[in-house]
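Engineer: Mind looking at a prediction? Sequence and model below.
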Amino acid sequence: MECKTDILVIGGGSAGLHAAIEAKKHGVEVVLVYKSGGNATIMAAGGFAGNFDFDEEIEKERINETFIKDIINSGRNINNKEIVKKLVESSSQEINELNKQGVKFYLEEDKELKLFHASGHTYPRTVRCLDGNTRQYYSILRELALQLGVIIMSDVNILDLVKKDEKVCGAIGIHKNSPIFFSCTSVILATGGISANYNFSTHRKGTQGNGLIMALKAGASLVDMEFIQFMPTVIAYPENLSGLIVTDTLRGEGAILLNKHMERFMERYSPLKKDMETRDIIANSIFQEVYEGRGTNRNTVYLDARHIDRERIKESFTNYELLMKAGIDPKENLIEISPAAHYTCGGIKIDDNAYTGVEGLWAAGEVTGGLHGANRLGSVALTENIVFGKLAGKNAALHSIEQGKCADSYKINYLIDFDDQKLESYEEIIKNLKSIISNAAGIVRNENDLSKGLMDTNDILIKLRDMKGGKKEEKYLVLNMQAQSLALINYCILQSCLIRKESRGTHFRKDYPEESDAFTKPIIVKQEKDNIRYCFDKQLLIK
C-alpha cells in the first residue's frame, strides 16, 4: 500500500496534533500516523506553564525574564537559550487560545485562569486542566484535526524514514500487519521519549523512542541523551496504581516528603527550597534516603498532604479520585511514593523553528532536545508541545509549498532478513535491554555500571546484526525495529553518561558528585556512515 501526501506527521500526542492542525491551516495535505500503546499527552497530569500576568505591578519583560531564568536554572545552564526564549514569549498566548477552543481549566471566581505554584518555579504560573483531565484537551485537538481534514491513521508502526537526494521524502511502516509506503515532501517527528524503556516508568509501552533513531540514521543529531528525568513523586503502593503521578502542584499547596522515621528530610538536602526543589534534586534525595536505610520496607518514602484543605488537594492532585477509590484518603493517609522514569530531557537537536538540520525533517515535543538542558522544569512539557508543534507544522507546510506540494511516488525495496528465532527471542532481547538501562542509567550512576551496561548493549547489537535468515513476517519487522532502536538508544545514553564525568541535573554520578566547569556544553551524538560519534559541543571527543 502507498500513501501520498504533503506532510507526514509521525506521533499521535499533542505535539503531533498541534503540528498537523497548523500545517493543515496552511492549505497542504496532512497525514498523521501513530502506533498503539498510548501517548504521553493522555497520561499527563494536566499542567501548562505560561508567562501569565499574575501581578499588575510586574512588567511583562520581568515576568518573561524570571520564567526563562527558572527554566535555565532547572536545566543547569546548558539549555538552548533561543529555544527557551521562543517558548516563554508565546506560552500564555497559546494556553489562552486553548481556553477559547474549549479546553476546560480550573478558573478563579472571576473566570480568569487559576494559577498554581509548581516546584522549581519562582511564581505561580501553571494552569491545570479541570480534574487534571488531559483527555478532554486531547479529544478537542483530535476533533479539530479531523474537522480540518487531517487524515489520521492508527496502528501504524513506522520502521524508517526514506531519503532521496539527501532530502527526507517519506517513510516505510507496517499498517495493520501490511507494509505501507508514505511519499511526502516534509516529515514531522513527534514520537515522544524513551521513559517506557525503564522497568519503573510513568509511561505506557508506546513511548519507546524509535523516532530518535530514525532521525539519527537520517542525518540529524541527538543532544543531552544522558539526561533522563525521574518524576520524584510517583505512587508506588497500592500496586494497581503504581506508576501514577502525584503532581508537583500538590507540593506547591504544601505537601511534604517524609521518611520512615516521619522526618521531613528535604530540609537536609535543600534547606531553603525544601519540598519545592526541582525534580532532579528531590529524586536524588529520595534515592539517598532509601539507600541509607531511611526508606520504608518497600524502598519508598511518604508524601504528606493531610494538613491541606481537601478542595485544594483535589484541584492540585490529578489522581486524587483513583487513590480514594483504592481506600487511601490523602486527607487522612500518607501517600507512599517512589521516583520513576518520566521524561527524556534530551533528544533530536532542533533550532528555534523546530528544524532538525536535515532537509524535509522537523521535530517537536519530547522527541527533541535542547529546551530543557539537564532537567525539565515541571509543567513546561505540554506548553512545549503547543509552541513547537505549531512551529514544526507551519515550517514543514511552507517547505512543502515551496517544493511544489506532493512529492513524486517512488518504489522502495525494504527487506530485512531474519533467522528462525522464535518471537520470544526478540521479546527477551527487549526485556534485557530495559533491565540494562534501568540498572546502569538510573537516578545514581557510576563508571562500573555504565561500562558494564555499554558492553552488554554492544553484545546485543552484535547479536541483532547476526540474526539473519528466513522469516519476514510483519511482526518480526516491528519487533526487530524495536530491539534495534532500543539497543541504539541504550548505546547513546550510556556513552553520553560515560563522557559526562560530573553530576548535573538528572545526571548524577557517584564517582563525580560535583558539577564541573569542563562540562558546560551539551554532548551531541551524530552518525557517520556505520559509526556513531560523540561531540562535546563542536569538539570531537570519541570516534
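Structural biologist: It's in.
Engineer: The longest helix anywhere in the chain: how far from the chain's middle?
Structural biologist: Using DSSP state H to define each element, the chain has its longest helix at helix 474-499. Helix 474-499 sits 16 Å away from the centroid of its parent chain (C-alpha atoms, centre = their mean, to the nearest Å).
Engineer: Need the residues that contact the next helix or strand after that helix.
Structural biologist: Using DSSP states H and E, the helix or strand that follows helix 474-499 in sequence is strand 508-509. In this structure, residues lying in contact with strand 508-509 by C-beta atoms under 8 Å, 6 or more residues apart in numbering are 280, 284, 443, 444, 445, 446, 447, 497, 500, 501, 502, 503. For the C-beta atoms, the positions are set from N, CA and C on the backbone; glycine is no exception.
Engineer: packing partners for the longest helix of the chain?
Structural biologist: Secondary-structure packing of helix 474-499 (3 or more C-beta pairs under 8 Å, 6 or more residues apart in numbering; DSSP states H and E): strand 156-164, strand 167-175, helix 210-218, helix 423-440, helix 447-466, strand 523-528, strand 531-536, strand 539-542.
Engineer: The first one: partners in the sheet, and parallel or antiparallel?
Structural biologist: The sheet places strand 156-164 alongside strand 167-175 (antiparallel), with pairing taken from DSSP bridges.
Engineer: quick one: strands adjacent to the next helix or strand after the strand it pairs with?
Structural biologist: Once the chain leaves strand 167-175, the next helix or strand it forms, by DSSP H and E, is strand 178-183. Sheet pairing of strand 178-183 (DSSP bridges) gives strand 2-4 (parallel), strand 167-175 (antiparallel).
Engineer: got the angle for strand 178-183 vs helix 474-499?
Structural biologist: Put simply, strand 178-183 runs at 60 degrees to helix 474-499, going by axes from the mean of the first three to the mean of the last three C-alpha atoms, to 10 degrees.
Engineer: other SSEs contacting whichever helix or strand comes after strand 178-183?
Structural biologist: Following strand 178-183 in sequence order, the next helix or strand is strand 186-189 (DSSP H and E). Where contact means 3+ C-beta pairs under 8 Å, 6+ apart, strand 186-189 is packed against strand 7-10, helix 14-25, strand 167-175, helix 210-218, strand 361-363, helix 381-403.
Engineer: Could I get the CA-only coordinates of the third one as CSV?
Structural biologist: Spelled out, that is strand 167-175. The C-alpha trace of strand 167-175 is given here as CSV (Å, rounded to 0.1, in the frame of the first residue of the first chain):
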residue,chain,number,x,y,z
LYS,A,167,16.2,15.0,1.5
VAL,A,168,13.7,13.2,3.7
CYS,A,169,10.9,12.3,1.3
GLY,A,170,8.8,9.7,3.1
ALA,A,171,8.7,6.7,5.4
ILE,A,172,8.1,3.0,5.4
GLY,A,173,6.0,1.2,8.0
ILE,A,174,3.6,-1.6,8.9
HIS,A,175,-0.2,-0.8,9.0
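Engineer: List the contacts of it.
Structural biologist: With C-beta under 8 Å, 6+ apart as the test, strand 167-175 has contacts from 1, 8, 10, 33, 153, 155-163, 179-187, 214, 218, 358-361, 407, 410, 412, 414, 474, 477-478.
Engineer: same deal with the fourth one?
Structural biologist: Applying C-beta under 8 Å, 6+ apart, the contact partners of helix 210-218 are 10-11, 158, 160-161, 163, 168, 171, 189-192, 194, 222, 347-348, 356, 358, 361, 363, 367, 481-482, 484-485, 488-489, 492, 525-527, 532.
Engineer: repeat that for 6 Å
Structural biologist: 160, 161, 168, 189, 191, 222, 348, 358, 367, 485, 488, 527 (C-beta atoms under 6 Å, 6 or more residues apart in numbering).
Engineer: can you check the second one too?
Structural biologist: By C-beta under 6 Å, 6+ apart, the list of residues contacting helix 14-25 from outside reads 7, 9, 30, 32, 41, 141, 144-145, 148, 150, 188, 190, 364-365, 385-386, 389-390, 392-394, 396-397.
Engineer: Nothing else from me, thank you.
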